[in-house]
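Trainee: generate a structure from the sequence data that follows.
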Amino acid sequence: MTTPDVEVSTLALADLWRQSKDLCHMVLVFLEVPCSCHVATTARSVTQSCFMNGKLVTGLLFSRGFSSARLLPYVDLPSVRALTMQGPNAELGVVVLAIISTEWRQLQHIALRSETISTDLWGGFVRALVEAKNRIKSLTLHDCRLRGGPQSMVNFLKTDGALTNFGLRGCQLQDDTAAMILHALKEHRTVTAIDMSSNSLGLASGDEIVSLLSCNCRVSKLHLANNNLGYKARSIFENLAENVSIDTFDFAGNSQSSSHIGHACLGMLQQNTRLKTLSLADCKLLEEGAKHVVIGLRANSTLTSLSLAGNGLSIGASGRQQEFAAGVADELALTLDCNSTIRHLDLERNSSHRLDLSKLCKALAQRAKPFDLRL
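Mentor: The predicted model follows:
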C-alpha cells in the first residue's frame, strides 16, 4: 500500500511514524531543520521507530530548501529503495553517497527534480552509477540543468545492464546532445521506458528515434512530447508502424503540418499491431489531419486510448470550417461503429461547443462497454 506524501515538520516525524499502524510504505518530506543536532535526533528517532514497529521505510523524499546532506549521514535505513530529491537546494552529492554506500544496498530508484548540476557533480554522479554495478533500475531527471557533457552518461548507458526506466524530461537538452544519448539507449539491453519530453530534439535526434524504432524490440514506452520532431514525423510513424514493442507513444506538442502528421499516422494505425496509447495533443492537426487519424482507427484493433486535444478543431466561425469540424465528429461516429477497442478519447481544448456531436453521441450510446470521452 502506498500513501500520499506526508508533509510535516521534523518535530512530528517520529510520533507520526510510531502512530502509523497500517503503513508499509511511507514517503517522508523534511521541511525545516534548525540545527544539525536536531537533525541527528530526528533521523535516529525515525530509524528506531521504523524497526520497533517492524516496518520498513522504502521511500524518501527531500523537498526544496532542505539541506539533505545534514540528515542522510544519520539515517540508517537499508530498506530504502526509492530516493527523490527536489531542488534547487538539495545536494546531488548526497545521492552519490547513497548510491555507493554499503548501507543503501536496496536503493534502485532515483529521481531528481529542478536541480542545477555542475560539471564536477555530474561526473561524480555518473561515476557513482557505474560503481553501483547494475543496481539502479530507474533514473529520472525532470527540469534539471545539466552543466556536464553527455559523454559520461553515454558511457554509463553503454555499460549498464539493469536500468529499465530512463528519463531526461525538461532538461534543456540540445539536439546533438539528445542524439548521443538516444544512440546509446538504442543499444541498451534492459531499458523499456524512455522519457525525453520537453527538450530541443530535432533532426539528429529524430534520426536516432527512427533507428531505435526499427531495431530495438525492448522499449515499450516512448515519451517525446514538446520537442521539434514535426519534420521527422513521417519517418518516425513509418517505423512505428512495424514496431512490435512500443505500446505507449507520446508525440504531443510536435507539429509541422496537419496533413503531414495526419497522413503518417493513418498508415501507422492501419499497420501497427501493438500500440495501445497514443497522444497527438497540440500537434496542430486541424480538421484535415484529425480526419486522417480517425479514419486510421477503423483498421486498428489494439489502440485503446487516443488524445487529439488542442488540435484546433472548429477554430473559426465560417461555414466551411464548421463543415470540416462537423466532419471530424461524424468520422468518429463511423469509426466507433466498427472499432470496439478504443475506449478513451480526449478532444479537450478543441472548441467542442461548435462541433455537431449528435451522430457521435448516438454511436457511443450503442457501445456495450463504457467509453471515456473528454470534451
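
Trainee: from now on I want contacts and neighbour counts done on CA atoms only, so please keep to that.
Mentor: Will do.

Trainee: distance of the spatially closest residue to residue 130 that is not a sequence neighbour relative to residue 344?
Mentor: In space, and not counting its chain neighbours, residue 130 is closest to residue 156: 6.2 Å by C-alpha to C-alpha, 6 or more residues apart in numbering. From residue 156 across to residue 344, the span is 38 Å (C-alpha to C-alpha, to the nearest Å).

Trainee: am I right that the residue nearest to residue 130 is in contact with residue 131?
Mentor: No. With contact defined as C-alpha atoms under 8 Å, residue 156 does not reach residue 131; the gap is 10.0 Å.

Trainee: reduced to three states, what does the residue lying closest to residue 301 once chain neighbours are set aside come out as?
Mentor: Closest residue in space to residue 301, ignoring its immediate chain neighbours: residue 341 at 6.0 Å, by C-alpha to C-alpha, 6+ apart. Here residue 341 is recorded as coil under DSSP: H, G, I helix; E, B strand; the rest coil.

Trainee: quick one, helices of the stretch 151-300 of the chain?
Mentor: For the stretch 151-300 of the chain, the helices defined by DSSP state H, counting those that start in this stretch cover 151-159, 175-186, 203-215, 233-242, 258-271, 286-296.

Trainee: what's the angle from the last one to helix 258-271?
Mentor: Calculated by axes from the mean of the first three to the mean of the last three C-alpha atoms, to 10 degrees, helix 286-296 forms an angle of 10 degrees with helix 258-271.

Trainee: ok, now the shortest one?
Mentor: The directions of helix 151-159 and helix 258-271 differ by 20 degrees, with the same axes, to 10 degrees as the criterion.

Trainee: please work out which of the helices of the stretch 151-300 of the chain is packed deepest.
Mentor: Scoring those by mean neighbour count under mean count of other C-alpha atoms under 10 Å gives helix 286-296 as the most buried, with a mean of 24.

Trainee: what helices or strands is that helix leaning on?
Mentor: helix 258-271, helix 319-338 (3 or more C-alpha pairs under 8 Å, 6 or more residues apart in numbering; DSSP states H and E).

Trainee: rank those by pLDDT, which is bottom?
Mentor: In terms of average pLDDT, helix 319-338 trails the rest of the helices and strands packed on helix 286-296, at a mean of 70.

Trainee: do you know how far the nearest residue to residue 234 once chain neighbours are set aside is from residue 207?
Mentor: Once flanking residues are discounted, residue 234 sits nearest to residue 264: 5.1 Å by C-alpha to C-alpha, 6+ apart. Distance, residue 264 to residue 207, using C-alpha to C-alpha: 16 Å.

Trainee: what's near enough to touch the residue nearest to residue 301?
Mentor: Taking C-alpha atoms under 8 Å, 6 or more residues apart in numbering, we find residue 341 in contact with 301-304.

Trainee: try residue 193
Mentor: Taking C-alpha under 8 Å, 6+ apart, one finds 164-166, 219-222 in contact with residue 193.

Trainee: pLDDT below threshold where in this protein?
Mentor: 1-79, 88-91, 94, 102-103, 256-259, 314-326, 352-356 (pLDDT under 70).

Trainee: may I have the beta-bridge partners of the residue nearest to the spatial centre of it?
Mentor: Computing the C-alpha centroid of the chain and ranking residues by C-alpha atoms, centre = their mean puts residue 195 first, at 5.0 Å. Here residue 195 sits in beta bridges with residue 167, residue 223, going by DSSP bridges.

Trainee: I'd guessed it sits against residue 167; true?
Mentor: Yes. Using C-alpha under 8 Å, residue 195 makes contact with residue 167 at a distance of 4.4 Å.

Trainee: packing partners of the helix or strand hosting residue 111?
Mentor: Assigned by DSSP states H and E, residue 111 belongs to strand 109-113. The helices and strands touching strand 109-113, judged by 3+ C-alpha pairs under 8 Å, 6+ apart, are strand 82-86, strand 138-142.

Trainee: who does the next helix or strand after that strand touch, helix- and strand-wise?
Mentor: Going down the chain from strand 109-113, the next helix or strand is strand 116-117, by DSSP H and E. Applying 3+ C-alpha pairs under 8 Å, 6+ apart, we find strand 116-117 packed against strand 145-146.

Trainee: direction included, what does the strand it packs on pair against?
Mentor: strand 116-117 (parallel).

Trainee: state the distance from the closest residue to residue 335 other than its chain neighbours to residue 292.
Mentor: Closest residue in space to residue 335, ignoring its immediate chain neighbours: residue 298 at 5.4 Å, by C-alpha to C-alpha, 6+ apart. Plainly put, residue 298 is 11 Å away from residue 292 if you go by C-alpha to C-alpha.

Trainee: what of residue 198?
Mentor: Taking C-alpha to C-alpha, one finds residue 198 at 26 Å from residue 292.

Trainee: contacts only, for the closest residue to residue 146 other than its chain neighbours.
Mentor: Closest residue in space to residue 146, ignoring its immediate chain neighbours: residue 117 at 5.2 Å, by C-alpha to C-alpha, 6+ apart. Contacts for residue 117 (C-alpha under 8 Å, 6+ apart) come out as 92, 144-148.
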